[in-house]
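> missing the sequence, but the structure's below:
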């Protein structure tokens, strides 16, 4: 039985806000929300540029909501470029697993009040020649999950201020 007290009202407000901002980003950047489970979302985009710009906008929009609503929740995003297989409502394939494991592993690298956008080499390479490409810094995951073994992982760093 779910508790109907103040704590669950707060959780519901957080999840509603996250759902609204996530679906808004997908719509704005031509993405598709494939599924969500609690506060985890699987979204796809036609190209890496849309995905990275959408991810950055998502973190900015979420930060504004978080500050306004006084939520203590930040966002960790894992981006991978690959093939997604579908059967009815099921999504599967190695690349879906890679994106999922990347998000979970990278979240462990962040402080409690820190955001992070982490990408595989496939995403970074797809952005070669774009202004954002120079903002990636290679990272090493301690004891990476098997799905990420041998993959290059980078973190998107903030834009340099002028």
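Received it, and whenever you're ready, just let me know what you need. Bear in mind that the values here come from a model prediction, so they are computed numbers and not experimental data.

> residue 117 - that's part of a strand, no?
Yes. Judged by DSSP: H, G, I helix; E, B strand; the rest coil, residue 117 forms part of a strand.

> what sits against it?
52, 55, 56, 59, 77, 79, 155, 156 (Cβ atoms under 8 Å, 6 or more residues apart in numbering). Every residue, glycine included, has its C-beta placed from N, CA and C.

> just give the nearest non-adjacent residue to it, would you?
In this structure, residue 117 finds its nearest non-sequential neighbour in residue 156, 4.2 Å apart by Cβ to Cβ, 6 or more residues apart in numbering.

> still on that earlier bit, now the contacts of residue 117 as JSON lines including distance to residue 31 and neighbour count?
Output for these, formatted as JSON lines (distance: Cβ to Cβ, whole Å; neighbours: other Cβ atoms under 10 Å):
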{"residue": "52", "distance to residue 31": "11", "neighbour count": "26"}
{"residue": "55", "distance to residue 31": "10", "neighbour count": "25"}
{"residue": "56", "distance to residue 31": "13", "neighbour count": "19"}
{"residue": "59", "distance to residue 31": "15", "neighbour count": "21"}
{"residue": "77", "distance to residue 31": "12", "neighbour count": "24"}
{"residue": "79", "distance to residue 31": "11", "neighbour count": "24"}
{"residue": "155", "distance to residue 31": "21", "neighbour count": "16"}
{"residue": "156", "distance to residue 31": "17", "neighbour count": "23"}
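
> narrow those residues to those in strands?
Judged by DSSP state E, strands contain the following of those: 77, 79, 155, 156.

> thought the last one was touching residue 56?
Yes. At 7.4 Å, residue 156 and residue 56 qualify as touching, with contact defined as Cβ atoms under 8 Å.

> which residues touch the residue nearest to residue 117?
Contact partners of residue 156, counting by Cβ under 8 Å, 6+ apart, are 52, 55, 56, 117, 118, 119, 132, 135, 136.

> mind checking pLDDT for the first one?
So that's residue 52. pLDDT for residue 52: 97.

> cool, and the last one?
Among the per-residue scores, residue 136 holds a pLDDT of 97.

> show me the contacts for the residue lying closest to it once chain neighbours are set aside.
Using Cβ to Cβ, 6+ apart and skipping the chain neighbours, the partner closest in space to residue 136 is residue 154 (4.0 Å). Contact partners of residue 154, counting by Cβ under 8 Å, 6+ apart, are 118, 119, 120, 121, 124, 136, 137, 138, 139.
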